[in-house]
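S.K.: what would the 3D arrangement of this be:
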Amino acid sequence: MRLILIHQAFTSPSEPGGTRHFEIAKYVQDHGGDLTIVCSDVSYMTGAISKARRLGLWSTIDDQGITTCRVRAYSAHHKSYMHRSLSFALFTAGACMTACMLKRPQIILGTSPPPFQALGAYLAAVRHRVPFVYEIRDLFWEYIAQTQESKVTAISKIGKRIELQLCKRASRVIVNSPGFVPYLRNWGIPLERIALIPNGVDTEMFSPQTADRSAWKPFDCENKYIVLYAGALGMLNELDSLLKAAQILQSYPDIRICLMGDGKDRPRLMKLAEDLGLKNLVFVPAQPKASVPKLIASADVCVATLRNIPILRTVYPNKVFDYLASGRPVVLGIEGEIRKVVEAANAGVCVQPGNVEMLASGIMQLYANREEAEACGVRGRAYVKEHFERRRQAEQFADLMQAVITENGRRA
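M.R.: Residues are numbered from 1 along each chain as shown. Predicted coordinates:
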């Protein structure tokens, strides 16, 4: 099995961010396959340029046995929408050329977001005359249409048309949340060409056994009651509510609200924290994925929030699965599919998104009932081990790729 995946925002365990594709690639590699990753040499989360950058279009790196082709990319994608669009366009072109020059695979995969890179994957698949598989991890253009001003929605209409054509041309369309399936069915994509491989978690990497309270010492939190948000600091993450909840909780001197991560909204959030006079809030820089498990497992409560708009009710945020696998009780301010998971697991407290008082009350409920909070963590871990274990998802992925290869062989 020889596969190429084009993924601008790919991250390995030595970088901040989700490692779904690294873990899948590792599984494929360990079972005799070859999944080459064509990715950016600029961190999508932090904008940092990879130390592996060399002269030329790309640099080939062996990352724990996984071959990654790091394409030279534009590093100012966080500055504005124009800069971000330029970053997407340049990577798409560079990644397509790189994939075309690599040894002919049996399948080329494209993933979104970021948008447009899947177009480069499709063109490379046409060039190699191999099947194209399209993975949709976020309904990016729906987000734009529902969250941005009207001048941006014109771009989203074009993007949605391109995405629809990619779906129609793909041998399979992979989605990571059941909430995406109705959208694809409404676009006319047959159910038999839609494959649900949900987000999940490596329950060996994220485990209560990794807890190390001393990991919080650099942030002066090791002796505090830690309420942790771990993930992107973006406009959709509804973190203003968490900061205002922190303001309500300031009368509890042992509580620390910790925001761990990075994103374009970080400077504004830091200014808001200053304006609110928050002494109980800590901004923790984005950490390499390898360092994250012990920090999550050592927290007392973990929080996930998103804005309350229809499209965000479809998602399965990675961070929630990391929290649950780490045996941590969750305060969830998200409606929709992920709320169903937390409620089915009985793993914490679900509150209305954007409701500051309910968010503060949810944190206090777990703070005041430590035994029940720990029981929530135990139940949550048992649930994700049964339903969202990454190894099982990697097996699904490998089986799906083999089915596409077999089908293509019959048609040849």
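S.K.: can you list the buried residues in stretch 12-23?
M.R.: Of all the residues in stretch 12-23, those buried under the rule 16 or more other C-beta atoms under 10 Å are 12-13, 15-23. Every C-beta, even on glycine, is put in place using the N, C-alpha and C of the backbone.
S.K.: just flag the most distant two among those residues.
M.R.: Of all pairs drawn from the buried residues of stretch 12-23, the greatest distance, 15.6 Å, lies between P16 and E23 (C-beta to C-beta).
S.K.: and E135, which of the three is it?
M.R.: The three-state assignment at E135 reads strand, by DSSP: H, G, I helix; E, B strand; the rest coil.
S.K.: spit out the contact partners of it.
M.R.: Contact analysis of E135 by C-beta atoms under 8 Å, 6 or more residues apart in numbering lists 109-112, 118, 173-176.
S.K.: could you chop the chain up by domain?
M.R.: 2-200+389-411, 208-387 (automatic domain parsing).
S.K.: the last one - what's its average pLDDT?
M.R.: To tie it back to what came earlier, the one meant is domain 208-387. In this model, domain 208-387 has a mean pLDDT of 96.
S.K.: start and end of it, how far apart?
M.R.: The separation between the terminal residues of domain 208-387, taken as C-alpha to C-alpha, to the nearest Å, is 18 Å.
S.K.: off-centre distance for that domain?
M.R.: Remark: domain 208-387 is offset 16 Å from the chain centroid, using C-alpha atoms, centre = their mean, to the nearest Å.
S.K.: start the count at 18, not 1, going forward
M.R.: Right, with 18 as the first residue, what we last looked at is domain 225-404.
S.K.: what about T423, neighbour count?
M.R.: Neighbours of T423 under the rule other C-beta atoms under 10 Å: 9.
S.K.: which strand or helix spans it?
M.R.: helix 407-428 (DSSP states H and E).
S.K.: how about residues contacting that helix?
M.R.: 18, 20, 37, 40-41, 43-45, 48, 50, 123-124, 147-148, 150, 188-189, 191, 212, 214-215, 217-220.
S.K.: check stretch 362-381 too.
M.R.: With contact meaning C-beta under 8 Å, 6+ apart, stretch 362-381 is reached by 244, 255, 258-259, 261-262, 265-266, 272, 318, 320, 322-325, 341, 346-352, 356, 359-360, 382-383, 393-394, 396-397, 399-401.
S.K.: re the thing from before, next one: the helix holding T423 to chain centre, how far?
M.R.: How far helix 407-428 lies from its chain's middle: 23 Å, per C-alpha atoms, centre = their mean.
S.K.: give me the buried positions along it.
M.R.: Residues of helix 407-428 classed as buried by neighbour count (16+ other C-beta under 10 Å): 407, 410-411, 413-415, 417-418, 421-422.
S.K.: pLDDT and distance to D237 added to the residues you listed, as JSON lines?
M.R.: Below are the buried residues of helix 407-428 laid out as JSON lines (pLDDT from 0 to 100; distance: C-beta to C-beta, whole Å):
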{"residue": "R407", "pLDDT": "93", "distance to D237": "33"}
{"residue": "Q410", "pLDDT": "94", "distance to D237": "37"}
{"residue": "A411", "pLDDT": "95", "distance to D237": "39"}
{"residue": "Q413", "pLDDT": "95", "distance to D237": "43"}
{"residue": "F414", "pLDDT": "96", "distance to D237": "42"}
{"residue": "A415", "pLDDT": "96", "distance to D237": "45"}
{"residue": "L417", "pLDDT": "97", "distance to D237": "47"}
{"residue": "M418", "pLDDT": "97", "distance to D237": "47"}
{"residue": "V421", "pLDDT": "97", "distance to D237": "51"}
{"residue": "I422", "pLDDT": "96", "distance to D237": "53"}
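S.K.: farthest-apart pair in these, please.
M.R.: R407 and I422 (22.5 Å).
S.K.: returning to what we had before: send me the helix holding T423 as CSV with only the CA atoms.
M.R.: Provided in CSV are the C-alpha atoms of helix 407-428 (Å, rounded to 0.1, in the frame of the first residue of the first chain):
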residue,chain,number,x,y,z
ARG,A,407,-7.2,5.8,17.6
ARG,A,408,-5.8,2.3,16.8
ARG,A,409,-9.3,1.2,15.8
GLN,A,410,-9.7,4.2,13.5
ALA,A,411,-6.3,3.6,11.9
GLU,A,412,-7.5,0.1,11.1
GLN,A,413,-10.6,1.5,9.5
PHE,A,414,-8.5,3.8,7.5
ALA,A,415,-6.2,1.1,6.3
ASP,A,416,-9.1,-1.2,5.4
LEU,A,417,-10.7,1.7,3.5
MET,A,418,-7.6,2.4,1.5
GLN,A,419,-7.2,-1.3,0.6
ALA,A,420,-10.8,-1.4,-0.6
VAL,A,421,-10.2,1.6,-2.9
ILE,A,422,-7.0,0.0,-4.3
THR,A,423,-8.9,-3.2,-4.9
GLU,A,424,-11.8,-1.4,-6.7
ASN,A,425,-9.3,0.5,-8.8
GLY,A,426,-7.5,-2.7,-9.8
ARG,A,427,-10.8,-4.2,-10.9
ARG,A,428,-11.5,-1.2,-13.2
